[in-house]
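Undergrad: Sequence and predicted structure are below.
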4 protein chains.
Amino acid sequence: MLKKLCLTLVVLICGLIAVLPLGAAGHGEGQKKDDKVAIILASFGTTVPSAIESIVNIQKKIQAAFPGVPVKITFTSNIIRSVWRERQADAQKWLDQGVPEEILYVKNIVYTFGELLEAGYRDIIVQPTHIFFMEEAHDLTQYVNAMRSIQTIKDKWKPFGKIALGRPALGTVGPRYDYREDFKKALMTLTDDVELARKEKAALVYMGHGNDHWPSGIYAEAEKMMREMYPQVTTYIGCVEGSPGIDDVVESLTQAKSKSKPRKVVLKPFMIVAGDHALNDMAGDEEGSWKSVLTAKKYQVIPVMQGLGSNDRFAKIFVDHIRDAAKDAGIPLQ
Amino acid sequence: MLKKLCLTLVVLICGLIAVLPLGAAGHGEGQKKDDKVAIILASFGTTVPSAIESIVNIQKKIQAAFPGVPVKITFTSNIIRSVWRERQADAQKWLDQGVPEEILYVKNIVYTFGELLEAGYRDIIVQPTHIFFMEEAHDLTQYVNAMRSIQTIKDKWKPFGKIALGRPALGTVGPRYDYREDFKKALMTLTDDVELARKEKAALVYMGHGNDHWPSGIYAEAEKMMREMYPQVTTYIGCVEGSPGIDDVVESLTQAKSKSKPRKVVLKPFMIVAGDHALNDMAGDEEGSWKSVLTAKKYQVIPVMQGLGSNDRFAKIFVDHIRDAAKDAGIPLQ
Amino acid sequence: MLKKLCLTLVVLICGLIAVLPLGAAGHGEGQKKDDKVAIILASFGTTVPSAIESIVNIQKKIQAAFPGVPVKITFTSNIIRSVWRERQADAQKWLDQGVPEEILYVKNIVYTFGELLEAGYRDIIVQPTHIFFMEEAHDLTQYVNAMRSIQTIKDKWKPFGKIALGRPALGTVGPRYDYREDFKKALMTLTDDVELARKEKAALVYMGHGNDHWPSGIYAEAEKMMREMYPQVTTYIGCVEGSPGIDDVVESLTQAKSKSKPRKVVLKPFMIVAGDHALNDMAGDEEGSWKSVLTAKKYQVIPVMQGLGSNDRFAKIFVDHIRDAAKDAGIPLQ
Amino acid sequence: MLKKLCLTLVVLICGLIAVLPLGAAGHGEGQKKDDKVAIILASFGTTVPSAIESIVNIQKKIQAAFPGVPVKITFTSNIIRSVWRERQADAQKWLDQGVPEEILYVKNIVYTFGELLEAGYRDIIVQPTHIFFMEEAHDLTQYVNAMRSIQTIKDKWKPFGKIALGRPALGTVGPRYDYREDFKKALMTLTDDVELARKEKAALVYMGHGNDHWPSGIYAEAEKMMREMYPQVTTYIGCVEGSPGIDDVVESLTQAKSKSKPRKVVLKPFMIVAGDHALNDMAGDEEGSWKSVLTAKKYQVIPVMQGLGSNDRFAKIFVDHIRDAAKDAGIPLQ
């Protein structure tokens, strides 16, 4: 009896969901089913509730820029999604903490493509929240190319129309967009970090993610460019994985000329979110965290627990990259 | 207030769904989340409630053969899915008619791949319910190849492991499986139809689907083989689309030698389901339906409103084809 | 010493060849190195010297239609090319028999793509001499798609620009071109065959190639259409491989109504070339050849040893298909 | 008359070539036509005759390691091949300078695949002479994947069997081979360079190629590793394109601590060949060359005009990478 009632409710509510605009509440207003274009915001993801805001902030900026277009969040990390999947068993607890439903029930990108297809969206813009073209962006490209490759005998049954792929925050390889220009634009949004370090008479140390299996000089290049753009503070960028690591940062700090030798360090993630790496690897109290290492070297550490996605000016970079990708692919966006 | 209650319910129930085995109730028993292999039963689909049984019957046979493996139904026709999508607004009405939830909320195959991926299934066997390799099977192959094409930098992030594609009911092109053998096996399941025609002293006329844009001699070859296998009745196979059509069937009936000239016709779909084509094009009362055309030619018509999928022996062909495809792809199935 | 002289000669002559327009003598006139478009005429191939003329005739018609564009012949059959490769050891013998150098040294299509690329041709139209979309055309499509798939980081290093694929003589599957229209146009070029059969009061029997692994109704459909277009003679079409075979043809001939029952048969290949199948399977003296079978049935057989490619009107079909494919792909052809 | 004689000669000699082992004289000995495995050595290429030796040296090392396997050189640069194509008009001049025929008539990789296919080689190992995975290696992967993608209806007509792709000299991205290990092995072959610099009491400055459109930290990482491995000299690595450039090298040299401040510089290409970049950008006399820049800064410059490919120990790295790639792909190599 109860089971039947429950089933009826499921059916009713699912029916309700079915006629609602795609996806979670809150950002769906104004979307109509006959809108053809949709945006997929592909993030590596995070398991840290407080870090979600950085991703949602990017989503909001994109939604504000393209009001009628659904902006679906997907997490590309299988491990992170599996954590959320387990949490779904205790859903209310997470919703009460302010976790958006869209995140709690976040899906892989194949699912999201299928969901959009089902709802009649055929022109898709995939925008990663990645920093640059490395492992994650490579893998995402594979998914996008797979969806692009589906050719039907009759054109009208082709599942998707145009699929655009936006470039990461700091740009990508190849000649279409000069990555140095993209670097410049991205680094120009970091004035608040610089200003904080200047006031504190501190060095500015960023923790990037990096990659053990894909060397990229982007952190060194970004560091060099930061120093040129902002001579008022000395910026250091290291990585959790790969090179340069915290040891390199410490050595560089040590080698700074005596008069400009900083005693304080502003420590901030050079990542979209202040997630697990920021909480533990960067600002954790355990031995080996960057904070611990720097403190042991007698630096006064000022950790800033905020992902780049929470920086509105940085978040808007993705709006520009969506616009560029749509234009290049011939997808009309108002 | 009510909205909040409603939301809470959604969350509770969705959470409930999330921990249930994949998909609709009824065939999920015995499935565990850590099963790695899943089967997608890819059907063109039907909008006719009474026709669904033929597809569900195939699903049941497959489920019985592979008890621990989820068997997800997908409809490949965009138009048919859009009809069901509209019906979701009036869900209870359709559920009351016995439409399974899995059909009412049926999804495209990209979605189904994403859903299985989300639930941890990595080895996938796609089994079409198509009759032979023509437009539908070609297009399905494109989807399967797209999913196969996704290569990640690290093997562990590759979304899918092995993806097998079963061959249609009457086989496929190419040397791996002799399509004439497949024809023979399939036609051997049609003894009940032959027996009915024999008892009625009727000709046996099948209505195949056919294709305006993809000539295939399969209907002529199947007709010829039927006559050899079952000399007791004369079998005719025509198509709704493409060649041979009802006119060719009528002409052949007319040319039959006088002594064996039939006055009765058993009329049955040579399709998986007795759906829209069976209801209207075959047995409808309007002018132009096969029944009307044959009646006008003074034949007594005995329509049989049953799809091939409802023939248990025919339905089991798909079990064999799944087994073959899994073996060829190296996917273990008990 | 002699070796050195020989080497010098090779070098000189190779250098000479290198500055000549691409490929064999005779049809290269008027081609300039900065022509961007080239045509690859992809034939299954033949080992029979007298049969080559049918392919060369098609090449000539194409060359005449597009004077400045190189038209390279490739043979897709590995076995046939390997026969020619062995014959290269005895080159003069074959050249003396009138075998064109381009055929004696015929290459696979990958090589031909590479050769054109080397010579600066980037927009390529591949025109098969196939009859319809079956195994050969499927496989050729794979090669073409492979060449299309090469994407470089910089657009300027992309090896090929646009690659068009013309449809076979009798058309192809899919809605872009109605294959029945293509059939009609092709069969309209067969008036000479019909006229010969009419004069001889003979049936017109064509031997198609067919395929054991890819059923296609095209021979039955073509036969039916021939009878409608040319009621003055009765046309029969059988296949060497697959269905319908010579037995079916004989049975049909036997069942012809007595007054129109033919005693004579005009026997002709329904293939591009009158090659090995025509020489042996069709008109050979051994038991089992179509001629022998028909003769044994008391038919007077008039074999016509001429491939469809030698029929100028048929050959010009490929010109039309090249023009269509180029237009669809956006490749400019004068 | 003369023309006819000439043609006859062409035919004779071409026939002769056709029965010779694949490709140019000199390294073909011991190859038999029924060898199934072949190696393609894919180099960006060079137009400088004296630089060719570095590539040929690598070829020789590979040939010595796999005596029965043909090793075909291809140049991937369209521009460089077009230079050689023009030079073919004046062939003897270049042959007299010691340019191997295989280089003078060098072809693109599509052609080379086609040539090997024609000669019956089906398992192919492509070994780039690239330094690391960047633009060139990405593009090469596209060609390899294209060849891999060709699937025929019948397995026996599939053009290629297994196609392996070796990794560049210093390794590649991804987890299969740790690039740091590859770096280490490669840098361990540079002892002669280090020894020269040590004797000369000079800094060791390498000129890498770099890439304006694909940032990679490999030069910085290699520089750091060199300093750790060889503390006896200070190594600097800059790039012609991209970052770090000669200005960065000069600045680093300037910042060196006074007591170890070098007054001499050993200048050597960190490239496979000492080609155009080495001749002009590195050691040219014009303003702006690295030699000129360093000389202007009062450094005594000792240029070494030798590519890494001429370093036998470095050249042998490619033998190892071929062996690894063949093993990973399941291609048997003795």
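TA: Now that the structure is in, tell me what you want to look at. Worth saying up front: this structure is predicted, and the values here are computed from it rather than measured.

Undergrad: And residue A:40, how far from residue A:116?
TA: 7 Å (Cβ to Cβ, to the nearest Å). Any C-beta I mention is one placed from the backbone N, CA and C, and that applies to glycine too.

Undergrad: Please point out which parts of stretch A:144-164 sit buried.
TA: A:144-147, A:150, A:152-153, A:157, A:159-160, A:162-164 (16 or more other Cβ atoms under 10 Å in any protein chain shown).

Undergrad: Pull it out as CSV, backbone CA atoms only.
TA: The C-alpha coordinates for stretch A:144-164 follow below in CSV (Å, rounded to 0.1, in the frame of the first residue of the first chain):
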residue,chain,number,x,y,z
VAL,A,144,33.7,15.6,-27.5
ASN,A,145,35.2,14.0,-30.6
ALA,A,146,33.3,10.8,-29.9
MET,A,147,30.0,12.7,-29.9
ARG,A,148,31.0,14.5,-33.0
SER,A,149,31.8,11.3,-34.8
ILE,A,150,28.3,9.9,-34.9
GLN,A,151,27.1,10.1,-38.6
THR,A,152,23.7,8.8,-39.5
ILE,A,153,22.5,7.8,-42.9
LYS,A,154,19.9,10.5,-42.8
ASP,A,155,21.1,13.9,-41.6
LYS,A,156,17.9,14.4,-39.6
TRP,A,157,18.8,11.5,-37.3
LYS,A,158,22.2,12.8,-36.5
PRO,A,159,22.0,13.2,-32.7
PHE,A,160,24.0,16.4,-32.4
GLY,A,161,24.4,19.4,-34.6
LYS,A,162,27.5,21.4,-33.9
ILE,A,163,29.6,20.6,-30.8
ALA,A,164,32.0,23.4,-29.7
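
Undergrad: does it come close to chain D?
TA: No - Stretch A:144-164 does not reach chain D (Cβ under 8 Å from any Cβ of the partner chain); its nearest approach is 10.5 Å.

Undergrad: picking up where we left off before, could you tell me which of the buried residues of stretch A:144-164 belong to helices?
TA: A:144-147 (DSSP state H).

Undergrad: and stretch A:227-243 with chain B, contact?
TA: No - taking Cβ under 8 Å from any Cβ as the criterion, stretch A:227-243 and chain B are apart, separated by no less than 12.8 Å.

Undergrad: State the mean pLDDT of that stretch.
TA: The average pLDDT for stretch A:227-243 rounds to 96.

Undergrad: Could I get the buried residue list for it?
TA: By neighbour count on 16+ other Cβ under 10 Å, the buried set for stretch A:227-243 is A:229-230, A:233-240, A:242-243.

Undergrad: For those residues, give me a markdown table that also has secondary structure.
TA: Shown next, in a markdown table, are the buried residues of stretch A:227-243 (DSSP: H, G, I helix; E, B strand; the rest coil):
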| residue | secondary structure |
| --- | --- |
| A:229 | helix |
| A:230 | coil |
| A:233 | coil |
| A:234 | coil |
| A:235 | strand |
| A:236 | strand |
| A:237 | strand |
| A:238 | strand |
| A:239 | strand |
| A:240 | coil |
| A:242 | coil |
| A:243 | coil |
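
Undergrad: which parts of the stretch 101-250 of chain A sit against chain D?
TA: Counting by Cβ under 8 Å from any Cβ, the residues of the stretch 101-250 of chain A close to chain D are A:132, A:134-135, A:138, A:173-175, A:178-179, A:212-221, A:224, A:243.

Undergrad: hmm, back to that, any common contacting residues for residue A:40 and residue A:116?
TA: A:72, A:124 (Cβ atoms under 8 Å, 6 or more residues apart in numbering or on different chains).

Undergrad: No more questions from me, cheers.
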